[in-house]
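**Student:** Need coordinates for the following:
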Amino acid sequence: MFFRQKPGTLTDQELITRFRSAEDLSLVSELFGRYTTMIYGVCLKYLRDRDDSKDVVMQLFEKLPNALKTHEIANFKSWLYVTTRNHCLMQIRAKKAKMTEKISGEVVENDLLLHHEQDSELENDLTKLETCIQQLADEQQKCVRLFFLEEQAYKDIATVTGFDLNKVKSHIQNGKRNLKICMEKNE
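**Tutor:** Got it, this is the predicted structure:
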């Protein structure tokens, strides 16, 4: 009676057990078909490319028979989800490794020469910015420095300065506006 049931009526675990004993690939197809949409969705979430996602779905399908023989799987859906996610993450890492290999020394050297000219502009802008910050009112200056330069949160700034939260937000907003006006004047 066990072998007379149609594959579509069997549970995931029953399909795995049957496949291990009979090695019938139609059982793997039935099992994989139940979760193809989930697998494709996971791939699309991580890879963000339809063609790459379709390729990974096929790669996973090809690897599934061997995996079913070698792994002890208690919950197939969860196992397949984690396997798919891990496969996608490995694909992403492999792409990043290839991208860093493609960068040649010449490109980096030429790029550095271009940036050298921009360095003096940046230094000039930073000098102007520092001058403008110094021209702010003391409260604004403290809050702007803590928020933008030291990247502290409003609550932390309030604790450090003793200002209430609304005052901190006000000083930052007004300081930012005053900085913009000052920078535009000095251009």
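**Student:** Show me the protein divided up by domain.
**Tutor:** Domains of the chain are assigned by automatic domain parsing as 2-99, 120-185.
**Student:** so where's this protein shaky on pLDDT?
**Tutor:** 1-5, 7, 100-123 (pLDDT under 70).
**Student:** Quick one: the domains of the chain as a markdown table, columns for mean neighbour count too.
**Tutor:** Every C-beta, even on glycine, is put in place using the N, C-alpha and C of the backbone. Below are the domains of the chain laid out as a markdown table (neighbours: other Cβ atoms under 10 Å):
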| stretch | mean neighbour count |
| --- | --- |
| domain 2-99 | 14 |
| domain 120-185 | 15 |
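**Student:** The residue positioned nearest the centre of the chain in helix, strand or coil?
**Tutor:** In the chain, the centroid-proximal residue (Cα atoms, centre = their mean) is Tyr46; its distance is 8.2 Å. Using DSSP: H, G, I helix; E, B strand; the rest coil, the structure places Tyr46 in helix.
**Student:** residues touching the nearest residue to it once chain neighbours are set aside, list them.
**Tutor:** Leaving out its chain neighbours, the residue that sits closest to Tyr46 by Cβ to Cβ, 6 or more residues apart in numbering is Cys88, at 3.8 Å. By Cβ atoms under 8 Å, 6 or more residues apart in numbering, the contact set of Cys88 is Val42, Cys43, Tyr46, Leu47, Val56.
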